[in-house]
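Colleague: please work out how this folds:
(chains A, B, C and D)
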Number of protein chains: 2
Amino acid sequence: MDPKELLKGHITKTAVLTEEQFEYFFSHFKKQDFKKGQAIITDGDVVNCEYFVISGCLKSFFINDDLKMFILQFAMPTWWASDYNALYSQSKATINVDCISDTEVLCLSNNDREKLCNEIHEVEHFFRWRTNRGYVAAQKRLLSFMNNNVKHRYEELLKLYPELYNTVPKNLIAAYLGVSRETLSRL
Amino acid sequence: MDPKELLKGHITKTAVLTEEQFEYFFSHFKKQDFKKGQAIITDGDVVNCEYFVISGCLKSFFINDDLKMFILQFAMPTWWASDYNALYSQSKATINVDCISDTEVLCLSNNDREKLCNEIHEVEHFFRWRTNRGYVAAQKRLLSFMNNNVKHRYEELLKLYPELYNTVPKNLIAAYLGVSRETLSRL
DNA sequence: TTCCGAATGTGATCCAGGTCACACACCATC
DNA sequence: GATGGTGTGTGACCTGGATCACATTCGGAA
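Modeller: Residues are numbered from 1 along each chain as shown, chains lettered A, B, ... in the order given. Model (predicted):
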């Protein structure tokens, strides 16, 4: 898939940009290619960019003191990923991002995003709505965590992203559900 | 506290508005008073507004099929509350909002917010940052849920909001932590 | 072909937290 | 003073999921 067209299709769902505006917007993105298993953001890094996925699949995750992994998000094509806490507050990363498969991304720096938001009202509109959706999704996931048992959450996840079942190893699914690999295996 | 000054102090932390712009912005808010225990948004309602708390305390919560309550958020002065999923998508509420104590709010309709965001770039900037912070907070809470046991989360909550300890009944704290009242009582 | 490591299934045991049941303290209001 | 609701503590028991320990399968590298 052509990166420019993919981004254009994505943003025009919520913002109306002229041809020149989109060209200008797009000119701030930098194409990057990563291999399966490669790290994009590592705990302790200074985080400068967020990433728009073109192809492949990322995961953003947290590693606790016992080296246990918790997955915050899988990022498929047209999804965005970063350590947003570190990115917005210009602090060191506490979240990792790496590649579940070979992945192409478009990279946008925090400074460029803020500059674009400032220069083009519609771009700020787009980013407001992107975060709105993310916020609502995070709240839903939180509620599901409090309310539902593992089996229910697993079925919910598979209904939402059936492609994960065959694409992603089960231990990663378990880390997303916040459950042990063994318990997930027992369905 | 004067509602207008409270809102002004709140918004000028992230957006620069002229005096006239703020007056115009403020003119879209409607002051409302509620009594302790009164419901503001009830499951099934059409949700038209979001609420900026001036004084008192709100809770937004979900009731599951077993009538068990889960608290998404306590809203203290300068916090915002609503059923954002329903508000943004103009669907029926699945989240309730009611008053833990007598509460004064400023009410802003979804239409007015969108209108203001469209008319005044800085207002859109403000709402983008408000949601950014909410999104990051929701992610942190999710991680804390997956990573920490009840005791740890309870201490975390009290460190973050010490005023809750004496203000809010323990069964509500338990509903926020996603734990039974009895377990919380045993610390 | 053989070997190795990653991914997965499964049994045995343990424990944090849920559920149920009561007791009690603190108020309101009648 | 009696009555009733609401918040809180605590004991007894149960259970979902964690943990540890092995076994099996499979794909890639030598």
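Colleague: contacts for stretch A:178-187, please.
Modeller: The contact list for stretch A:178-187 (C-beta atoms under 8 Å, 6 or more residues apart in numbering or on different chains) reads A:70, A:145, A:150-151, A:154, A:170-171, A:173-174, A:177, B:145-146. Placement of C-beta: from N, CA and C, glycine included.
Colleague: my bad, should have said stretch A:126-137
Modeller: Residues contacting stretch A:126-137 (C-beta under 8 Å, 6+ apart): A:11, A:14-15, A:80, A:113, A:117, B:84-85, B:88, B:117, B:124, B:127-128, B:131-132, B:134-135, B:138.
Colleague: so which of those are in helices?
Modeller: A:11, A:113, A:117, B:84-85, B:88, B:117, B:124, B:127-128, B:131-132, B:134-135, B:138 (DSSP state H).
Colleague: tell me the secondary structure for A:K59?
Modeller: strand (DSSP: H, G, I helix; E, B strand; the rest coil).
Colleague: and it, how far is that from DNA strand D?
Modeller: 18 Å (C-beta to the nearest atom of the strand, to the nearest Å).
Colleague: quick check: that residue touching A:I71?
Modeller: Yes. A:K59 is within contact range of A:I71, at 5.4 Å (criterion: C-beta atoms under 8 Å).
Colleague: find residues that contact each of the two.
Modeller: A:L172.
Colleague: chain A against DNA strand D: which residues are in contact?
Modeller: Residues of chain A lying close to DNA strand D by C-beta under 7 Å from any atom of the strand are A:66, A:68, A:149-151, A:178-180, A:182-183.
Colleague: please report how far A:Q21 lies from A:P169.
Modeller: Using C-beta to C-beta, to the nearest Å, A:Q21 is found at 41 Å from A:P169.
Colleague: how about the most centrally placed residue in chain A: what's its closest non-neighbour residue?
Modeller: Among the residues of chain A, the one closest to the centroid is A:A81, at 2.9 Å (C-alpha atoms, centre = their mean). The shortest distance from A:A81 to any non-neighbouring residue, by C-beta to C-beta, 6 or more residues apart in numbering or on different chains, is to A:A75 (4.0 Å).
Colleague: please tell me how far that neighbour sits from A:Y176.
Modeller: For A:A75, the distance to A:Y176 - C-beta to C-beta - is 12 Å.
Colleague: cool, and A:D66?
Modeller: Separation of A:D66 from A:Y176 (C-beta to C-beta) stands at 18 Å.
Colleague: A:E156 too?
Modeller: A:E156 is 11 Å from A:Y176, by C-beta to C-beta.
Colleague: same deal with A:N48?
Modeller: 26 Å.
Colleague: again with A:C49
Modeller: In terms of C-beta to C-beta, A:C49 sits 23 Å off from A:Y176.
Colleague: quick one, which of the two is more surrounded?
Modeller: A:Y176 (25 against 20; other C-beta atoms under 10 Å in any protein chain shown).
Colleague: got phi/psi on that one?
Modeller: Main-chain dihedrals, A:Y176, degrees, to the nearest 10: phi -70, psi -40.
Colleague: chain neighbours aside, what residue packs nearest to it?
Modeller: Using C-beta to C-beta, 6+ apart, the closest residue to A:Y176 is A:I71 (4.1 Å).
Colleague: still on that earlier bit, A:Q21 and A:P169: which has the busier surroundings?
Modeller: Taking other C-beta under 10 Å, A:Q21 and A:P169 do not tie; A:Q21 has more neighbours (16 against 10).
Colleague: past the helix or strand hosting the more buried one, which element shows up next along the chain?
Modeller: In the assignment (DSSP states H and E), A:Q21 maps to helix A:19-26. Under the assignment DSSP H and E, the closest C-terminal helix or strand after helix A:19-26 is strand A:30-34.
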